[in-house]
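Trainee: just need the structure, nothing else, for what follows:
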Amino acid sequence: MKNETVQTDIAVIGGGLAGVNAAIAAARLGRTVALVQNRPVLGGNSSSEVRVWVCGATGHGTHRYARETGIMGELFVENQYRNPEGNPYFWDLVLLEAVRAEKNIQLFLNTDVHEVEAEGSEEDRSIVSVTGWMMGSERRIRFESGMYLDCTGDGLVGFLAGAKYRLGREARHEYNEEWAPETPDDITLGSTILFYSKDAGQPVKYVPPSFAKDITQTSIPIRRVIRSGDSGCHYWWIEWGGELDTVHENERIRDELWSVIYGIWDYIKNSGQFEAENMTLEWVGSLPGKREYRRFVGDYVLNQNDILAQREFEDRVAFGGWSIDLHPPQGMYAQESGSKHLYTDGVYHVPFRSLYSANVSNLLFAGRNISATHVAFGTTRVMATCAVIGEAAGTGAALAVQHGTTPRGVYREHLAELHQTLLRQDASVIGLRSADDADLARRAAVSASGHLRRLGLEAPAERYPLKADAGLLLPVAPELTELELLADAAEDTVLEIEVWSTGRPENYVPHTLELRSTGTAKAGERQWVKIPLGWAPEKAQNAFVVVKANPQVALYLSDQPQTGVVAFHHSAAPASAQNPENYRSDQPVVEWTMRELGARRPFCFRAHPETNAFAPDQAVNGYLRPYGQPHLWVSEPLASGGEAQLELSWPEAVQVNEVQLVFNDDVNEDLINLHHHRTPFEIIPELVRDYRIEGLIDGSWQVLHQERDNRKRKRVHRLNAPVTVERLRLAVGQTNGSPSAEVVEIRVYG
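Mentor: Numbers count the residues shown, from 1 in each chain. Just a heads-up that it's a prediction; the model follows:
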């Protein structure tokens, strides 16, 4: 046996997505990091060992413009290109390579941390070291760091350090939460084991093991959906253990879940109710995917009311959007639905104060163990949200080390720097804008070869009968005087239109009725119906246009998307109301869905007058995500062999050493790491592909950098040596499929 000591600035314990993102974030900021994971692979519940979809703020397309950016966004986009089939082993590799790419990270797999040395009083403790055992290598490793991040999920490190925590459900009166029980208890969400099946191409028999449960003697066949072709996360509801201690009774929970999986497969194969003769089990998990255990207490406890109010915390550092998603304690044996869901009208915010311990001065946490109530945890627990919280926690830890302070000290004394650092890294923060004085682009005059001025799509692809209300979201900058819709009319009729504002800038649902209008449709096909509107809001913002149902009318969908424009179908009943999930039908984001139409299929329309929403100055306005407006420069359509150019100029020459670019990767597109759905493209079409950066030096343009075949959102180009330029320009030659160049942000540093 070997005894070792590893000294780093930061130790991240837990290699799930929260830990991976935390470690990468800190490493990119120049801090040395030990990333310690007790399994042979990274990814936690998303890994090939457990195989849970990486869900996040999009809610499977329920929320608009909500896909995560930053490190989690990089992983999504990379996996989409390298692993379009959703192979769980390739996902493992995407994560492993992302970690190995960071020279400041030392990775320790198969290393189980179970010893913590801490000192100080109960109210003011600090961690001195943590020690782990590397299985198979007989190495006992002591990790000594200035900052520690507990990303273990179960919260073992913080528990051993004496950090305050909660377990189970709070009483309703404690935080005035509608979904909390009247009295507190120890109930948690249960654990799940998944399985994969496949068609073997020939008959396959199945002899169940002796411990397989006869599920016909349970409520499962009645209360849950069983189909022979489903596998993986379609069976998320195979859940149990919420009434037990999900850690100390982990083996018992695993055995019960196995008995049900093999019993379900017996039911599918041998009951005669399914066409499953050629079906066989391909894979069955051996690790229960845990949902809940300890939740630490930070300087702030996030609760249900914060989520539903979308509270804009002064220290917001991440966002989520998954529903408050709670499950019955009995899991798969419950008589009620396997889950109940409550959505906000848009994404919500997570404060930094919920990411560090109230009483252990050098402890941060990320993942499902953050400072939140059981009800709020029902939404923060999904993995893409855990990941962006991890990036925020890792960034906070790096700043704490840099300034020789505590995480609480970062909140109190360096909050503005934390925010600006997150923005510079393209992290998932909503509603904040860059104020980086070092960014030379903020002082530049911005011009372009042109920008998209005309909002409209004229090529019809599919007829859409107006049986229910339809919606069309589009930016209004500065006004919307008239809208034309391509329509068929069975007879002369009137088309009724409503224009709504969306309320909060991060929301994309009708909130306040601004005006009503009508247009006359004559009997006939493919006619442009004109509707006068005349809406001129005080500031540029999105309009949610409601086209009222009319059985005499059909609109047309276009197969060509337009950035900033989304079409909606209004459903009186939620799309996912059937068992095993229970959605409230009065939630606007559930009522107004884009799923039935597709995220990239707006209605054919023409908006008047021309728009300024995509002007060149949008690329330097400080916003990195849609927020009331798209916030990006969109060029005029690229001509064959032509270029689009975005140019910065200064009153006096400036020295340039680094150029940062953020291209549009359409955060309205829902991406999933494994097997939920497959996009028709492997690279986001809006991403710029071929470009060059040029500087005007001594009166002539010189190429500073040239790039081919780009498929990433954020690019950082450090020049070999600083250059002094009078102007700087980005020349785009080709995209990955979009007709225009689309740039979210350009930054320039000396």
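
Trainee: and the longest strand seen in the chain, which strands flank it?
Mentor: Longest strand in the chain by number of residues (criterion: DSSP state E): strand 714-735. Strand pairing for strand 714-735, using DSSP bridges, gives strand 644-663 (antiparallel), strand 688-697 (antiparallel).

Trainee: next secondary structure element downstream of that strand?
Mentor: Using DSSP states H and E, the helix or strand that follows strand 714-735 towards the C-terminus is strand 742-749.

Trainee: so which of the strands paired with strand 714-735 is the most packed in?
Mentor: strand 688-697 (a mean of 20; mean count of other C-beta atoms under 10 Å). Glycine gets a C-beta too; all of them are placed from N, C-alpha and C.

Trainee: what's it in contact with?
Mentor: Applying C-beta atoms under 8 Å, 6 or more residues apart in numbering, the contact partners of strand 688-697 are 656, 659, 661, 663, 701-711, 717, 723-736, 741-743.

Trainee: neighbouring strands of the helix or strand following that strand in the sheet, and parallel or not?
Mentor: Following strand 688-697 in sequence order, the next helix or strand is strand 700-707 (DSSP H and E). Looking at strand 700-707 with DSSP bridges, its partner strands are strand 688-697 (antiparallel).

Trainee: send me the partner strand as CSV with only the CA atoms.
Mentor: The C-alpha coordinates for strand 688-697 follow below in CSV (Å, rounded to 0.1, in the frame of the first residue of the first chain):
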residue,chain,number,x,y,z
VAL,A,688,-20.3,30.2,-38.1
ARG,A,689,-18.0,27.8,-39.9
ASP,A,690,-15.3,29.6,-41.8
TYR,A,691,-14.0,33.0,-40.7
ARG,A,692,-11.0,35.2,-40.3
ILE,A,693,-9.9,38.0,-38.0
GLU,A,694,-8.2,40.9,-39.6
GLY,A,695,-6.5,44.1,-38.3
LEU,A,696,-6.0,47.4,-40.0
ILE,A,697,-2.2,48.0,-39.4
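
Trainee: for Q562, give me its contacts.
Mentor: L455, G456, L457, P602.

Trainee: the helices in the stretch 501-650 of the chain, which residues?
Mentor: 588-591 (DSSP state H, counting those that start in this stretch).

Trainee: now swap in the stretch 301-450 of the chain and tell me
Mentor: Counting by DSSP H, counting those that start in this stretch, the helices of the stretch 301-450 of the chain are 304-309, 374-380, 383-403, 407-413, 415-424.

Trainee: contacts for the first one?
Mentor: Outside of helix 304-309, the residues within contact range by C-beta under 8 Å, 6+ apart are 175-180, 311, 313, 320, 324, 342, 344, 348, 373, 375-376, 379.

Trainee: of these, grab the buried ones for ChimeraX.
Mentor: Buried members of these, defined by 16 or more other C-beta atoms under 10 Å, are picked up in ChimeraX with:
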select :175,177,179,180,313,320,324,342,344,348,373,375,376,379
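
Trainee: narrow the contacts of helix 304-309 to those in strands?
Mentor: Using DSSP E, the contacts of helix 304-309 in strands are G320, I324, L342, Y348.

Trainee: nearest to E292 among those?
Mentor: Taking C-beta to C-beta as the measure, E292 sits nearest to I324 out of the ones in strands among the contacts of helix 304-309, at 13.4 Å.

Trainee: just for the stretch 501-650 of the chain, where's the confidence low?
Mentor: 573-580 (pLDDT under 70).

Trainee: for the chain, that is, sorry about that
Mentor: 573-580.

Trainee: can you pull the contacts of Q734?
Mentor: Q734 neighbours (C-beta under 8 Å, 6+ apart): L638, V688, R689, D690.

Trainee: now render the residues you listed as CSV, adding distance to M135.
Mentor: Listed next are those as CSV, based on distance: C-beta to C-beta, whole Å:
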residue, distance to M135
L638, 55
V688, 45
R689, 45
D690, 48
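
Trainee: re earlier: could you save the ones in strands among the contacts of helix 304-309 as CSV and add columns showing distance to S571?
Mentor: Below are the ones in strands among the contacts of helix 304-309 laid out as CSV (distance: C-beta to C-beta, whole Å):
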residue, distance to S571
G320, 24
I324, 21
L342, 17
Y348, 23
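
Trainee: determine which two of these are furthest apart.
Mentor: The widest separation within the ones in strands among the contacts of helix 304-309 (C-beta to C-beta) is 13.0 Å, between G320 and L342.

Trainee: V375 and T131, how far apart?
Mentor: Using C-beta to C-beta, to the nearest Å, V375 is found at 35 Å from T131.

Trainee: make sure G16 is actually in contact with E49.
Mentor: No. Using C-beta atoms under 8 Å, G16 and E49 do not qualify as a contacting pair, with a distance of 11.2 Å.

Trainee: these two: which has the busier surroundings?
Mentor: G16 (28 against 17; other C-beta atoms under 10 Å).

Trainee: can you pull the contacts of that one?
Mentor: G16 touches L42, G43, G44, N45, S46, C151, G153, G367, M383, C386, counting by C-beta under 8 Å, 6+ apart.

Trainee: same thing but at 7 Å, please
Mentor: G43, G44, N45, C151, G153, G367, C386 (C-beta atoms under 7 Å, 6 or more residues apart in numbering).

Trainee: with T62 instead?
Mentor: Y343, V589, V590.

Trainee: in three-state terms, label it for me.
Mentor: coil (DSSP: H, G, I helix; E, B strand; the rest coil).

Trainee: ok so, going back, check the helices of the stretch 301-450 of the chain for me and report the most buried one.
Mentor: Comparing the helices of the stretch 301-450 of the chain by mean neighbour count (mean count of other C-beta under 10 Å), helix 383-403 comes out on top with a mean of 29.

Trainee: for that one, packing partners?
Mentor: Helix 383-403 is packed against strand 2-13, helix 17-28, helix 70-82, strand 139-150, strand 316-320, strand 363-365, helix 407-413, helix 415-424, with contacts defined by 3 or more C-beta pairs under 7 Å, 6 or more residues apart in numbering; DSSP states H and E.

Trainee: using CSV, lay out those together with distance to L648.
Mentor: Putting the helices and strands packed on helix 383-403 into CSV (distance: least, C-beta to C-beta, whole Å) gives the following:
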stretch, distance to L648
strand 2-13, 36
helix 17-28, 25
helix 70-82, 25
strand 139-150, 38
strand 316-320, 29
strand 363-365, 38
helix 407-413, 32
helix 415-424, 18
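
Trainee: quick one, what contacts S571?
Mentor: By C-beta under 7 Å, 6+ apart, the neighbours of S571 are A468, E591, T593.

Trainee: separation between the last one and R463?
Mentor: Per C-beta to C-beta, T593 is found 19 Å from R463.

Trainee: so V6 sits against S145, correct?
Mentor: No. V6 lies out of contact with S145 (C-beta atoms under 7 Å); the separation is 8.6 Å.

Trainee: list residues touching both of these two?
Mentor: A34.

Trainee: between the two, which is the more surrounded one?
Mentor: The neighbour count for V6 versus S145, taken as other C-beta under 10 Å, is higher for S145 (24 against 17).

Trainee: surely that one touches D9?
Mentor: Yes. Using C-beta under 7 Å, S145 makes contact with D9 at a distance of 6.3 Å.

Trainee: what is in contact with the two at once?
Mentor: Joint contacts of S145 and D9 (C-beta under 7 Å, 6+ apart) do not exist.

Trainee: which SS state does P40 fall under?
Mentor: P40 - assigned by three-state DSSP - is coil.

Trainee: gap between it and A101?
Mentor: Distance from P40 to A101, by C-beta to C-beta: 19 Å.

Trainee: surely G456 touches R606?
Mentor: Yes. Counting by C-beta under 7 Å, G456 touches R606, with 4.0 Å between them.

Trainee: what angle separates the host helix or strand of S129 from strand 139-150?
Mentor: Here S129, judged by DSSP H and E, is contained in strand 124-134. Put simply, strand 124-134 runs at 140 degrees to strand 139-150, going by axes from the mean of the first three to the mean of the last three C-alpha atoms, to 10 degrees.

Trainee: oh, and call the first residue 54 from now on, that's how I've got it
Mentor: Fine by me, first position is 54 from now on; the one you just mentioned is strand 177-187.
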